[in-house]
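Asks: whatever this is, show me its structure:
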Amino acid sequence: MVPDLESERMILRQRTLDDVDDFVAMDADSEVRQFVFGADFSLDHHRAKLPERIVRDFGPGLGHWTMRLKDAPHPFLGMVLLIPLEEKGPEIEIGWRLSKSAWGRGYASEAARAVLTYARSTLGLSSIVALIHPDNARSIAVATKLGMGRSGRRAAYGTEFDLYLTGENAP
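Replies: The predicted model follows:
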């Protein structure tokens, strides 16, 4: 379970079963999921599996946050995660995904920065990784803003990604 976090404009709270419809709506957009899900993506299968993934325990202080604006009526922006890489570790991965309507406003960087601060100050994590598709310029820009550096390639989740590092292992 993750604690609620706040940034300048957002409230980050534990993802719950009440968020399923928001996640399905976000992930129904092929541009949102193009670098995350494979070609065999099925929205019906995704909807069916989300509740199981939402209640999964990733360890103390680890999991997924739902991103919402502080001011009314708290529209859904997307999510940020801090979980063991491929759900088994030992590396801890940070990731983010936003609804297309939230793109280009700095929300991903702001939310990820809040989670990185929490990871370092509360969990004592010194090194965190991000796996980013090499064509995902938006996520590469977020990782760069966070001070993460590219450190080669990494096979995970059934494909290959560029590996970005923060902390003591950053290039």
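Asks: what are the ranges of the strands in this structure?
Replies: Per DSSP state E, the chain carries strands over the ranges 5-6, 10-14, 63-69, 76-84, 92-98, 127-132, 149-156, 159-167.
Asks: in its sheet, what does the third one sit against?
Replies: If I follow you right, that is strand 63-69. Strand pairing for strand 63-69, determined by DSSP bridges: strand 10-14 (antiparallel), strand 76-84 (antiparallel).
Asks: now do it against strand 92-98, angle only.
Replies: On the basis of axes from the mean of the first three to the mean of the last three Cα atoms, to 10 degrees, strand 63-69 is oriented at 30 degrees to strand 92-98.
Asks: what about strand 63-69, distance to the chain center?
Replies: 9 Å (Cα atoms, centre = their mean, to the nearest Å).
Asks: how about it as CSV, C-alpha atoms only?
Replies: Provided in CSV are the C-alpha atoms of strand 63-69 (Å, rounded to 0.1, in the frame of the first residue of the first chain):
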residue,chain,number,x,y,z
GLY,A,63,2.5,0.3,-5.6
HIS,A,64,0.5,2.5,-7.9
TRP,A,65,-0.8,6.0,-7.4
THR,A,66,-3.8,7.6,-9.2
MET,A,67,-3.0,11.2,-10.3
ARG,A,68,-5.8,13.7,-9.8
LEU,A,69,-5.8,17.5,-9.8
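Asks: which residues are in contact with it?
Replies: Outside strand 63-69, the residues within contact range by Cβ atoms under 8 Å, 6 or more residues apart in numbering are 1-2, 5, 9-16, 19, 22, 54, 56-57, 74-83, 98, 102, 107, 111, 115. C-beta here means a position set from N, CA and C on the backbone, and glycine is covered the same way.
Asks: what about Ala119, distance to Leu62?
Replies: Shown here: Ala119 relative to Leu62, a distance of 9 Å by Cβ to Cβ, to the nearest Å.
Asks: overlap in contacts, these two.
Replies: Residues touching both Ala119 and Leu62 by Cβ under 8 Å, 6+ apart: Leu82, Ile92.
Asks: mind listing what the closest residue to Thr16 other than its chain neighbours touches?
Replies: What sits nearest to Thr16 in space, not counting adjacent residues and going by Cβ to Cβ, 6 or more residues apart in numbering, is Ile54, at 6.6 Å. Ile54 makes contacts with Arg15, Thr16, Leu17, Asp19, Val20, His64, as judged by Cβ under 8 Å, 6+ apart.
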